[in-house]
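A.B. asks: Coordinates for the following, if possible.
(chains A and B)
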Amino acid sequence: MTVVPSPAQPGAGLLRRRRRAALVLVMLAASLIAVMMAGLTVGAASAPVLPIIASWFGFGGVHDLRAADVIILEQIRLPRIIMGAMVGAALAVSGAILQALFRNPLADPAIVGVSAGAVLGAVTVIVLGTALFPGYVELAGAFAIPVAAFVGALIVTLLLYRLATSGGRTSVATLLLAGIAISAFGFALTGILIFLADDAQLRELTFWNLGSLAGATWQKVFAGGLVMLASMAAIPFVATALNALALGEAAAGHMGIDVQRMKNISILCVAGATGAAVAVSGGIGFVGIIVPHLLRILIGPDNRFLLPAAALLGGVFLMLADTISRTVVSPVELPIGIVTAIAGAPVFILILLRRRGVIGL
Amino acid sequence: MSVTAKELKVRLGGTPILQSVDFEANAGEVSMIIGPNGSGKTTLLRALAGDIPHSGKVVINGTDIGRMNKPGLARLRAVLAQHTALSFPFTVAEVVEMGERAGQDPAPGIEARSKRIRSALEMVDLAGFSERPCQELSGGEQQRVHLARVLSQIWQPLGGGEPRWLFLDEPVSSLDIRHQIQVMETARRYARAGGGVIAVMHDLNLAAMFGDRVVAMSEGCVVKSGTPEEVLTSEVLSDLFGCSLEVGVIPDKWPFVLPQSAAPA
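C.D. replies: Model prediction:
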């Protein structure tokens, strides 16, 4: 029988979700600022934070403060939290875009091998860079590693798409299994390179194993951040098209979407964001799976809201994880990848269990 | 104004699926494509929609579709596939909105847009479903959600004096009989208002009731086309489907065919 729609819902269900999404976006932005402030305050050394922040805005003088405190804040903690927020945002957005592209909530840059490709690209330049491509390293300067990581991530994403998608349909099993194989292959090649590395290079490489924000410098923030921000700037151009893709490639095409163009932009976006994030922080896993999953429950799957919200929540999540990793066994640091994996792996299994019937695994 | 195909040939994976099909559908009419499984009905519809590479010509309202871009084509015709699998928990209203956005005349403002979505949902008898997650609905309900999406993409049957086209691939395959009739009536109303409808149908009785023209396909060729009375005869159908079918006629109304007529005595 026909149900008469009640006049209490004038928006046909569109407005309500949209208001909620707007509210969540505002709250996430506020949380990000709060978490970044907290990250500035918490640490092994206790530095007086407020006077130093006040001095940035011209209140009080720097001369009243201890030089060591100022250095800890300005050269260690500040670049670290800015880098953490950007890396978290980049990884979460990469995850959400990969999921929309592969039409599956289990895609994550670290799980399907995109991060492994980025690590391989970066390690190649660190170990063999000056020997094989001296001109490139000199020319690219601070961008040498992020760009190499981008190229590695791009190759893997393209390869993965080729392997897992045929005739516009993605096989989940092929996607995940191809990801395992690509990751294993990438890590094997990386292993060979590490074997060839000298002591100084090894020290530079160790943090790639589980990921860390400890190596944050202003130089990395600028070089990596530029690539990450540029990649995420593409969000408004693909969000609506990625929504349509949820109905399949054919239906998206029928609705006037240039599917190939949208795929190209999305893949470049994922490779850029993941590549730059890996270049500055190593392979931090599970951010790209846990953040979009929580947000879909909270505000729904509409990419116009999901992607910006993922950027904000990704930043918040990684800042929290970093604060835990810095403080839980202080003054030593736990690699941040351990924290994100402990939080993320159960979520992955939860989604897997829930969808077992749907995807036939 | 019409949709026409001339010497349309399609090969999929090296196998010829359509061999030189000539096809014509007129605006203001419902054209039904019938034929056995694997006769190329869906392939013909996909070729007309511009989905697959083909040789020969497909012309909509006088323009070759090879010369139209995707957004232009999306404003002219909407396509309902046999199955549409949704991969994330979008609500019914959000799914219909995707179609609405793709169309020629998106309603200005969220209020007008919501009103259009509500009308489209009422048209497929899903009023009150707008906030439900689409994946949780039954198969038949989902099929009707997608019909609402497709209708809202080309909401006005005529735009700038040009007819718009509904391409439907087995639109009633998972519907109960009441909704089958309702959906076919919606299609007919769309055609009577000046638009065009091309539907792949397995139900011969609905094809007889609601079709203005019927095109019979077999092994990648059009074997017969004309009015329902011309095409839906015992002789044509028995030959087409390879079993002896007895077509009856309700006087002054439509031909009908019962599966019982094909049962061995």
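A.B. asks: Chain A contacts on the stretch 101-250 of chain B?
C.D. replies: Residues of the stretch 101-250 of chain B lying close to chain A (C-beta under 8 Å from any C-beta of the partner chain) are B:101-102, B:110-111, B:113-115, B:117-118, B:121-122, B:125, B:127-128, B:130-131, B:153. (C-beta placed from N, C-alpha, C; glycine too.)
A.B. asks: which of those residues are buried?
C.D. replies: B:101-102, B:113-114, B:117-118, B:121-122, B:125, B:127-128, B:130-131, B:153 (16 or more other C-beta atoms under 10 Å in any protein chain shown).
A.B. asks: can you tell me which of those are in strands?
C.D. replies: Of those, none are assigned to strands by DSSP state E.
A.B. asks: May I ask which two of these are separated the most?
C.D. replies: B:Ala102 and B:Gly128 (24.5 Å; C-beta to C-beta).
A.B. asks: residues touching the residue in the stretch 51-200 of chain A positioned nearest to chain B, list them.
C.D. replies: When scored by C-beta to the nearest C-beta, the stretch 51-200 of chain A has A:Arg103 as its residue closest to chain B, at 3.8 Å. A:Arg103 sits next to A:Thr170, A:Leu245, A:Ala246, A:Gly248, B:Ser87, B:Phe88 when contact means C-beta atoms under 8 Å, 6 or more residues apart in numbering or on different chains.
A.B. asks: so the fourth one touches B:Val79, yeah?
C.D. replies: I take that to be A:Gly248. No - A:Gly248 is beyond contact range of B:Val79, at 11.3 Å (criterion: C-beta atoms under 8 Å).
A.B. asks: higher neighbour count, the two?
C.D. replies: Shown here are A:Gly248 and B:Val79; by other C-beta atoms under 10 Å in any protein chain shown, B:Val79 has more neighbours (27 against 20).
A.B. asks: where does that one land on pLDDT?
C.D. replies: Model confidence at B:Val79, expressed as pLDDT, equals 96.
A.B. asks: Now B:Tyr61, what are its backbone angles?
C.D. replies: Quick fix: residue B:61 is Asn, not Tyr. phi 50, psi 40 (degrees, to the nearest 10).
A.B. asks: and it, what is it in contact with?
C.D. replies: Taking C-beta under 8 Å, 6+ apart as the criterion, B:Asn61 is in contact with B:Met1, B:Ser2, B:Val3, B:Ala27, B:Leu76, B:Glu162, B:Pro163.
A.B. asks: ok, now how distant is the first one from chain A?
C.D. replies: Separation of B:Met1 from chain A (C-beta to the nearest C-beta, to the nearest Å) stands at 20 Å.
A.B. asks: want to try CSV for the buried ones among the residues of the stretch 101-250 of chain B next to chain A, with pLDDT and distance to A:Gly39 as columns?
C.D. replies: Formatted as CSV, these follow (pLDDT from 0 to 100; distance: C-beta to C-beta, whole Å):
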residue, pLDDT, distance to A:Gly39
B:Arg101, 87, 40
B:Ala102, 85, 43
B:Arg113, 85, 42
B:Ser114, 86, 42
B:Ile117, 91, 43
B:Arg118, 92, 47
B:Leu121, 95, 47
B:Glu122, 94, 52
B:Asp125, 95, 54
B:Ala127, 92, 50
B:Gly128, 90, 47
B:Ser130, 90, 42
B:Glu131, 90, 38
B:Gln153, 93, 47
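A.B. asks: Include distance to A:Val93 when you put those into a markdown table, please.
C.D. replies: Formatted as a markdown table, these follow (distance: C-beta to C-beta, whole Å):
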| residue | distance to A:Val93 |
| --- | --- |
| B:Arg101 | 22 |
| B:Ala102 | 25 |
| B:Arg113 | 27 |
| B:Ser114 | 29 |
| B:Ile117 | 29 |
| B:Arg118 | 33 |
| B:Leu121 | 33 |
| B:Glu122 | 38 |
| B:Asp125 | 39 |
| B:Ala127 | 37 |
| B:Gly128 | 36 |
| B:Ser130 | 29 |
| B:Glu131 | 27 |
| B:Gln153 | 29 |
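A.B. asks: which intervals of the stretch 101-250 of chain A have sub-threshold pLDDT?
C.D. replies: Residue ranges of the stretch 101-250 of chain A with pLDDT under 70: A:167-170, A:207-210.
A.B. asks: Can you name the residues of it that neighbour chain B?
C.D. replies: A:Arg103, A:Asn104, A:Pro105, A:Thr240, A:Asn243, A:Ala244, A:Ala246, A:Leu247, A:Gly248, A:Ala250.
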